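**Student:** Sharing a model that was predicted from the sequence below.
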2 protein chains.
Amino acid sequence: MKAHLLYVEDDESLSFVTRDNLELQGYQITHCDNGATALEIIKNNTFDLCILDVMLPEIDGFTIAEEIRKNNNEVPIIFLTAKSLKEDKIHGLKLGGDDYITKPFSIEELILKIEVFLKRSKINIPQELASYDVGMFNLDYPNLALNQNGTSKSLTQKEADLLKYLIENKNAVIKRSAILKSIWGEDDYFLGRSLDVFISRLRKYLKADETVKIENIHGVGFRLKG
Amino acid sequence: MKAHLLYVEDDESLSFVTRDNLELQGYQITHCDNGATALEIIKNNTFDLCILDVMLPEIDGFTIAEEIRKNNNEVPIIFLTAKSLKEDKIHGLKLGGDDYITKPFSIEELILKIEVFLKRSKINIPQELASYDVGMFNLDYPNLALNQNGTSKSLTQKEADLLKYLIENKNAVIKRSAILKSIWGEDDYFLGRSLDVFISRLRKYLKADETVKIENIHGVGFRLKG
DNA sequence: TACCACTGTTAATGCGCTGTTAATCAAAGA
DNA sequence: TCTTTGATTAACAGCGCATTAACAGTGGTA
């Protein structure tokens, strides 16, 4: 679902390039070049974010912001202006604006600021990022769970740490010392024995899938194939 | 309930007056003048907003922001700096910062920006209207009541806070430290013992429904199943 | 001022889980 | 063959947790 942005700006060449850039970023842009049209548009539309040039002929950006706020206290508003006077910044913020970018601005900065506010207005924060796949298994790291088609096995923190580390380095040879330093924080002989025990346990958990294997590289370390 | 702000700034005279102003606004300020101390503080505390000076001796504001983001993607971060270089602004925003104020700044602007972000982080949690269901129970949070088909048990504020937090994170593993920081504001050994007592009390309240359970994840935290 | 009710913290006790260690056997390399 | 390295299982010590009870701080009330 594309975010829908209102962009009010009277400078034709600037608005062309900015709009182009924003659409390239995947936003849906409604642009208009004067305040009166903007007021018409906001009557019948809702947006996810508004970018308002302050210096417009006739009806300025502040006025548009006031109108928007009469019906909507939520939508983020970013002002755009050539002036960088302190008083203007404050005025914009007091009207219920959220940020203030002075021209000339970099498009990258504008995009980043847009994302800051869109991020905050969304309730959905998919936490699937911390999920790791190997073979038929899925490691749900934050929940310390190893899932395989329906069933779920709960792991201890260290088991999950180690398995995550192995999956992150899947199909590569990992030295014993690297694992120990990363998971246990240090590397000595006895921790090496512990590591062996953990590898053994993980092998047991993973043995339902023949294609997934923790191989030993003699004298070096391990490799998770999968 | 006062908003709790972290303010990291090494300029003594500036931080004094700024802190003074912010406290006058009704914020609770935790100030420190160097990065190392800041990193210690964020380990055991959560804040509603962070204001970080970028130019600090040894550990800079960007580094602090990175550390904060490792555990918390939500808290707004405002950078404060003498430099107004485009690259710095973009760098800060990419790290997960929310805004960038260049010195010298007016205290009024800072306060307005703080309010912008505090307002938005509260909008994300429109809790007062929400009622929380788990199993056969319904938590009426504003009234501190736990209802189950007709009968009602009244809770203390902290009991309700904790239960609300658990329900919001239902079926996910929640770290002890996360709970403590969220409900108690900080994380130390003795508060951990208190948490255990509260968990025990909640279990008693919830035991009428077999399908609802607060599980312990050894060495990690808890999970409310239901 | 003394008393009581209510909350949240601290203390005490016993149980259970986790990670380490030990012991034994198997595999690999010299 | 002999030595080193790894695999697996079992047992153990210590820490983390659950629960109950006692305690301290707060505010209300007579």
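**Tutor:** Yep, it's here.

**Student:** Model confidence for the residue nearest to A:N169 when sequence neighbours are not counted, exactly?
**Tutor:** Nearest residue to A:N169 in three dimensions, chain neighbours excluded: A:L224, at 7.1 Å (C-beta to C-beta, 6 or more residues apart in numbering or on different chains). The way it works is simple: take the backbone N, C-alpha and C, and place the C-beta from them, glycine included. As predicted, A:L224 sits at a pLDDT of 92.

**Student:** isn't there a strand covering A:L224?
**Tutor:** Yes: A:L224 forms part of a strand when assessed by DSSP: H, G, I helix; E, B strand; the rest coil.

**Student:** Show me what counts as buried in the host helix or strand of A:D88.
**Tutor:** A:D88 is located in helix A:86-94, with elements delineated by DSSP states H and E. Within helix A:86-94, the residues that qualify as buried by neighbour count (16 or more other C-beta atoms under 10 Å in any protein chain shown) are A:88-93.

**Student:** wait, which of these is closest to DNA strand C?
**Tutor:** A:L93 (36.7 Å; C-beta to the nearest atom of the strand).

**Student:** picking up where we left off before, C-terminal to the helix holding A:D88, what's the next element?
**Tutor:** strand A:99-102.

**Student:** What strands line up against that next one, and which way round?
**Tutor:** Strands that pair with strand A:99-102, judged by DSSP bridges, come out as strand A:77-81 (parallel).

**Student:** Please export the C-alpha coordinates of the partner strand as PDB.
**Tutor:** Output of strand A:77-81 as PDB, limited to C-alpha atoms (Å, rounded to 0.1, in the frame of the first residue of the first chain):
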ATOM      1  CA  ILE A  77       2.900  18.200   8.100                       C
ATOM      2  CA  ILE A  78       6.300  19.200   6.800                       C
ATOM      3  CA  PHE A  79       6.900  22.800   5.800                       C
ATOM      4  CA  LEU A  80       9.200  23.800   3.000                       C
ATOM      5  CA  THR A  81      10.600  27.200   2.700                       C
END
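
**Student:** Just want the angle from it to helix A:86-94.
**Tutor:** 160 degrees (axes from the mean of the first three to the mean of the last three C-alpha atoms, to 10 degrees).

**Student:** so where do the helices sit in chain A?
**Tutor:** For chain A, the helices defined by DSSP state H cover A:12-24, A:35-44, A:61-71, A:86-94, A:107-121, A:157-168, A:176-179, A:189-206.

**Student:** Quickly, which of these bottoms out on average pLDDT?
**Tutor:** Among those, helix A:86-94 scores lowest, with a mean of 78.

**Student:** If I follow the layout properly, A:T18 ends up in contact with A:E109?
**Tutor:** No: with contact defined as C-beta atoms under 8 Å, A:T18 does not count as touching A:E109 (11.8 Å).

**Student:** higher neighbour count, those two?
**Tutor:** A:T18 (20 against 15; other C-beta atoms under 10 Å in any protein chain shown).

**Student:** residues in chain A within reach of DNA strand D, list them.
**Tutor:** By C-beta under 7 Å from any atom of the strand, the residues of chain A that approach DNA strand D are A:176, A:192-193, A:196-197, A:199-201, A:203-204, A:216, A:218-221.

**Student:** measure the residue nearest the centre of chain A to A:R201 for me?
**Tutor:** Centroid-nearest residue in chain A, with C-alpha atoms, centre = their mean: A:K119, separated by 7.7 Å. Taken as C-beta to C-beta, to the nearest Å, the spacing of A:K119 relative to A:R201 amounts to 39 Å.

**Student:** domain ranges for chain A?
**Tutor:** Chain A resolves into domains spanning A:4-121, A:128-225 when parsed by automatic domain parsing.

**Student:** do you know how far the nearest residue to A:L146 once chain neighbours are set aside is from DNA strand C?
**Tutor:** Leaving out its chain neighbours, the residue that sits closest to A:L146 by C-beta to C-beta, 6+ apart is A:K153, at 4.7 Å. Distance, A:K153 to DNA strand C, using C-beta to the nearest atom of the strand, to the nearest Å: 12 Å.
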